[in-house]
Structures are given as C-alpha cells and as structure tokens.
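> 3D model of this:
(chains A, B, C and D)
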Protein chains: 2
Amino acid sequence: MAYRRTDSVSARLADTRRHILNAARELVAEGGFAAAQMTEVARKAGVATGTLYRYFPSKEELCRQVFREVSAREMNVLAGIAQGPGTAAKRLESVLRTFATRAVRGRRLAYALLAEPVDVGLAEERARFRRTHGEIFAGILEEGIAAGEFAPRDVKVTAACIAGAIPTALIGPLAPESHELEEKGDKVVDEIMAFCLAGVGLLQPRIKVKTPEPRIAEPRIRA
Amino acid sequence: MAYRRTDSVSARLADTRRHILNAARELVAEGGFAAAQMTEVARKAGVATGTLYRYFPSKEELCRQVFREVSAREMNVLAGIAQGPGTAAKRLESVLRTFATRAVRGRRLAYALLAEPVDVGLAEERARFRRTHGEIFAGILEEGIAAGEFAPRDVKVTAACIAGAIPTALIGPLAPESHELEEKGDKVVDEIMAFCLAGVGLLQPRIKVKTPEPRIAEPRIRA
DNA sequence: GACAAATCTGAATCATAGTTCATTTCCTTT
DNA sequence: AAAGGAAATGAACTATGATTCAGATTTGTC
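Just a heads-up that it's a prediction; the model follows:
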C-alpha cells in the first residue's frame, strides 16, 4: 500500500515549519530583514538550507509570512482600540499613544516593518501594513469630524500625515538616539501626540502639554 | 621632458566627469538609484564602464556625489526661505509649502531622495539630508516659540513630525495616486499644511482651510 | 615622427546571496 | 526486514551587477 503521512510526521513537519518561521522572525527582530539570510535562518532553525525550500518556495515568501505574522499583531492591537468604546478623540489619543509606545519598545522590529530598505515583495506587504494604519486613523478621524470633535479635513491626507509623523519622530535619522528614547521616550511620545492631536484640530488636548490659550494673533516681533 | 596635463585635456576630463554625473542624475531622476547601474550610466554618458572608475572610485561614491548635488539644491532653497524675512509663522508656512510643492512636482526624485531603498552609503547621505530638514524646521520653530507665535514644544520632535508627515502624505503607499496629485495636488498640499500648522500650535492659520472657531469643548456624542 | 605617459576600453572576473538537485536518511507498508 | 516513497541535506550552481586590468588609443614632449 502507498505511503501515507502519519500524524506524528505531520506534527514534526508543522513543528519544523514553526521553527523556521521563529528563526526568521528572531533574526528580523534582531537585525532586520537584511539579517534574515537563508543560510542564517537554516542554521538558527537547525535545518539545511535546502530544507527551507521544502517549506517555502522562496526567501521572499518566507519573509512575507514573517512580515504578515508580525504586522498582523500590530494591526489588530490598533484596530481593537479604534473599534472600542469612547469618543473619537479618546480613541485617537489611545491609538496614537499605543502606536508610538509600541514603536519605542520594539524599535528594531518597528524599523524592520516601517523603515528598513526592503525589496519589492516585502514592500508590498509594508504598503498593506501602512495603508491599514491609514485606514484606522482615517476611520476615527471621520467619526470625530462628524461628531464635531475635530476640525473638518481630508481624512486620508491627515491620516497619512499622522502615519508619517510618528515613525519619523521615533525611528531613523531624525529620531532621538536609542539610549535617549530609553529614558525620555515617554516625553517624546507626549510631544508627538501633542503635535498630532493639535494637527487634527482637537483644541482641547487632554494630555499634559502646555498649550497657549486660544487667542487672536498677537502683534509679531520682526526676526 | 615629462608629460604634463594641458588645459584642453583638463577641460575634456572635467567635461567627461560632468557627463557622467549628468547621466547618473538623469537616470536617478527617471528611475531612482536602482536605475543608476554602472553599465547604464556608462552607456548614457558615452564612455566605457571602466572609465567610470577613472573618475569615481566606486559606484557608491558616484551615487553619493549625485545625491549631494541634488539634495544641496533642495536644502538651499529651504534654508534661504528660513533665513529670509518675515515672522516665523510666515516663514514656516513658506518652507512647508515649498517643500511639499517641490516634492509633488519632482515626485520621482523626491522618492529617490526620501524613500527609495538604498544601501548604507546613500543612507548616510540621506540621513544628512533629513537632519538638515529637521534643523531648518526646528530653527523656525524655536524662533516662533520665542516670539509667542507657536505653542511651546520640543522643537526637535516637532520638526521630525513635520519632516515625516509631508513626504508620507505625498510619496509612497499612503499618498494619493500620481494622477490624482496631478490635478488636486494643491488641495493636498493645503491639507498637509493645515495639519502641520495646527500641529505646531499656530492658532491663526492664514491658509484657506476651514477650521472651527477656537472654543471650549462641546459635549461629545457617544460613538 | 618617435617615444612615453595618460587615458580609455569592454570582456573577463569577482562577490554575494538565493536556489537547485543528486544523494542520503528516515518513514510507512507488506 | 525489505522495498519504495517522502523528507532532509549541503555542496554546487546561478543570477545580478560591481569591479578589474591587459591591451588599444590618445596626448604631450623632443
């Protein structure tokens, strides 16, 4: 009779697949997708390079799978808050703080997901990830504008502004050094939120940042 | 007697160098740094690949030179406005509009300078470019805060937010399609500016975007 | 014009990292 | 325990694109 895959073998195969994905994910979390070379993944997963290709058709597919797993978690966290209870303003505040705080905590991973140079396949996954961010922000903005909480604006453009401001302020050449984030990361997050919340036209930020009283323009001093 | 380089030869060498740089720059402007392959640059410049290496020690150096030339122009334009006359608010407005408008007009080039995946050498140049943006914005913010035009904020973080918001809203997966920018780019730029100017705490934006009157928070509708 | 130095040429070489596949090892069935 | 199919192995192969260098050409002096 023909060979048939037993349960124990299926389990082992699934296990190996997991090991490979975990190895790849860990390498990505440590050194970005650049560090996830096939030989390294194989070594870390304890298999031969050829074995990787019995589980994934190409490096691109393996990396995409890793990207999807990691980004799905992030998207779910934000989407959960967005769909939760509370005013649009409260939810926007919560979503932004969560996004920023998680990016600070997982800087390396955030870099890999948001900023690291990647090739086309992963760029597609990243685009999806980014667009989801945009949609989450835009949804809250729409509700908030309808409720009169925010200034009326083009929600797509405004969402993109937010989605660009936060990572740029936390990751890359314009971000504070990693050790600075370590100690005053919360301050930085507060500042980013002050900027974004003011940007959407929320005139009553509930976070503790000094803002001037609304007022008619004062005479301005010449430079 | 020993060989000595004559003026006409020096002129020809300088000319060839220019041709090479121009060829590379044009390729970058058309298809990003990825399109600036050495064989292509050589073909376009009308020289052999080996010749490139008589003018530049490596592809990295050639690309860096191109990056510097292109980015220097952009930085000078912005720095000129920043150091010019006018209130901080006016200058910030002008700098942001200029930055955004130029990015729309030269989308491909802006992509190459700001967003295209590049390797470490170019990433360094890009970091410098980005930091200069940050410094230009931060300088104006500092002056504006001192003059009471903007809300008091951490100028570095705020500058980074601006530097992230604008390109993200105009380039990449969260940006409008290129053909959309073609027709309603000005609207998008206005929206971005409304976000950024409100974000810095400028409560009297002089650009034409509907904003609600400053007011005490209204009772909020439950979602 | 002759000689030497500088410059240019482009096919060949090198480097990197992903992918393949002939061989070996392991499982399942009889 | 023998046979045959599935899975694993890893050295060899491949693709891409930068870089080199031996030879050809041009330029400068006498």
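
> Can you check which helix is longest in chain A?
helix A:120-146 (DSSP state H).

> Quick one: mean pLDDT for that one?
The average pLDDT for helix A:120-146 rounds to 95.

> what about residue A:145, distance to DNA strand D?
46 Å (CB to the nearest atom of the strand, to the nearest Å). Quick note: C-beta positions are derived from backbone N, CA and C, even for glycine.

> Send me stretch A:28-43 as PDB with only the CA atoms.
Presented in PDB, the C-alpha positions along stretch A:28-43 are these (Å, rounded to 0.1, in the frame of the first residue of the first chain):
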ATOM      1  CA  VAL A  28      14.400  40.000  11.800                       C
ATOM      2  CA  ALA A  29      13.700  41.300  15.300                       C
ATOM      3  CA  GLU A  30      17.500  41.400  16.000                       C
ATOM      4  CA  GLY A  31      18.800  42.800  12.700                       C
ATOM      5  CA  GLY A  32      16.000  43.500  10.300                       C
ATOM      6  CA  PHE A  33      15.200  41.600   7.100                       C
ATOM      7  CA  ALA A  34      18.800  42.100   6.000                       C
ATOM      8  CA  ALA A  35      19.900  39.700   8.700                       C
ATOM      9  CA  ALA A  36      17.400  37.000   7.600                       C
ATOM     10  CA  GLN A  37      19.700  35.300   5.100                       C
ATOM     11  CA  MET A  38      18.700  31.800   4.100                       C
ATOM     12  CA  THR A  39      21.800  30.200   5.500                       C
ATOM     13  CA  GLU A  40      21.400  32.000   8.800                       C
ATOM     14  CA  VAL A  41      17.700  31.100   9.000                       C
ATOM     15  CA  ALA A  42      18.600  27.500   8.300                       C
ATOM     16  CA  ARG A  43      21.400  27.500  10.900                       C
END
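
> for chain A, which spans come out with low pLDDT?
A:1-3, A:203-223 (pLDDT under 70).

> One more pass at 80, please.
Where chain A drops to pLDDT under 80, the residues are A:1-9, A:203-223.

> Single out the residue in it that lies closest to DNA strand D.
Proximity of chain A to DNA strand D (CB to the nearest atom of the strand) peaks at residue A:50, 1.5 Å away.

> So which bits of chain A are right by DNA strand D?
Residues of chain A lying near DNA strand D by CB under 7 Å from any atom of the strand: A:2-3, A:5, A:9, A:12-13, A:16, A:46-51, A:53-55.

> Around the residue of chain A closest to DNA strand D, how many other residues sit close by?
Here the number of neighbours of residue A:50 (other CB atoms under 10 Å in any protein chain shown) works out to 9.

> Could you say which helix or strand holds it?
Assigned by DSSP states H and E, residue A:50 falls within helix A:49-55.

> Quick one: residues in contact with that helix.
A:16-17, A:20, A:38-39, A:41-42, A:45, A:62 (CB atoms under 8 Å, 6 or more residues apart in numbering or on different chains).

> again, but for stretch A:171-191
Everything outside stretch A:171-191 that qualifies as a contact, by CB under 8 Å, 6+ apart, is A:97, A:100-101, A:103-104, A:107, A:110-111, A:114-115, A:168-170, A:207-209, B:126-128, B:130-131, B:133-134, B:153-154, B:156-160, B:163-164.

> among these, which are in helices?
Short answer: those in helices (DSSP H) are A:97, A:100-101, A:103-104, A:107, A:110-111, A:114, A:168-170, B:126-128, B:130-131, B:133-134, B:156-160, B:163-164.

> Any of those residues buried? List them.
Among the ones in helices among the contacts of stretch A:171-191, the ones that count as buried by 16 or more other CB atoms under 10 Å in any protein chain shown are A:97, A:100, A:103-104, A:107, A:110-111, A:114, A:168-170, B:126, B:130-131, B:133-134, B:156-160, B:163-164.

> Now secondary structure, distance to residue A:186 and neighbour count too, for the contacts of helix A:49-55, in TSV please.
TSV is the format used below for these (DSSP: H, G, I helix; E, B strand; the rest coil; distance: CB to CB, whole Å; neighbours: other CB atoms under 10 Å in any protein chain shown):
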residue	secondary structure	distance to residue A:186	neighbour count
A:16	helix	42	17
A:17	helix	39	15
A:20	helix	37	24
A:38	helix	39	16
A:39	helix	40	10
A:41	helix	36	28
A:42	helix	40	19
A:45	helix	37	22
A:62	helix	36	21
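
> Determine which two of those residues are furthest apart.
For those, the maximum inter-member distance is 18.3 Å, found between A:17 and A:39 (CB to CB).

> one step back: what are the buried residues along the helix holding residue A:50?
Quick answer for helix A:49-55 (16+ other CB under 10 Å): A:52, A:55.

> what do you get for stretch A:136-151?
So stretch A:136-151, judged by 16+ other CB under 10 Å, has buried residues A:136-145, A:147-151.

> Pull it out as CSV, backbone CA atoms only.
The C-alpha atoms that make up stretch A:136-151 are tabulated as CSV, following Å, rounded to 0.1, in the frame of the first residue of the first chain:
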residue,chain,number,x,y,z
ILE,A,136,-7.6,53.0,11.1
PHE,A,137,-6.6,56.6,11.6
ALA,A,138,-8.9,57.8,8.9
GLY,A,139,-11.9,56.0,10.3
ILE,A,140,-11.5,57.6,13.7
LEU,A,141,-11.0,61.0,12.1
GLU,A,142,-14.1,60.7,10.1
GLU,A,143,-16.2,59.8,13.1
GLY,A,144,-14.6,62.6,15.1
ILE,A,145,-15.2,65.2,12.4
ALA,A,146,-18.8,64.0,12.1
ALA,A,147,-19.2,64.4,15.9
GLY,A,148,-17.6,67.9,15.8
GLU,A,149,-14.6,66.8,17.8
PHE,A,150,-12.0,67.5,15.1
ALA,A,151,-11.7,70.2,12.5
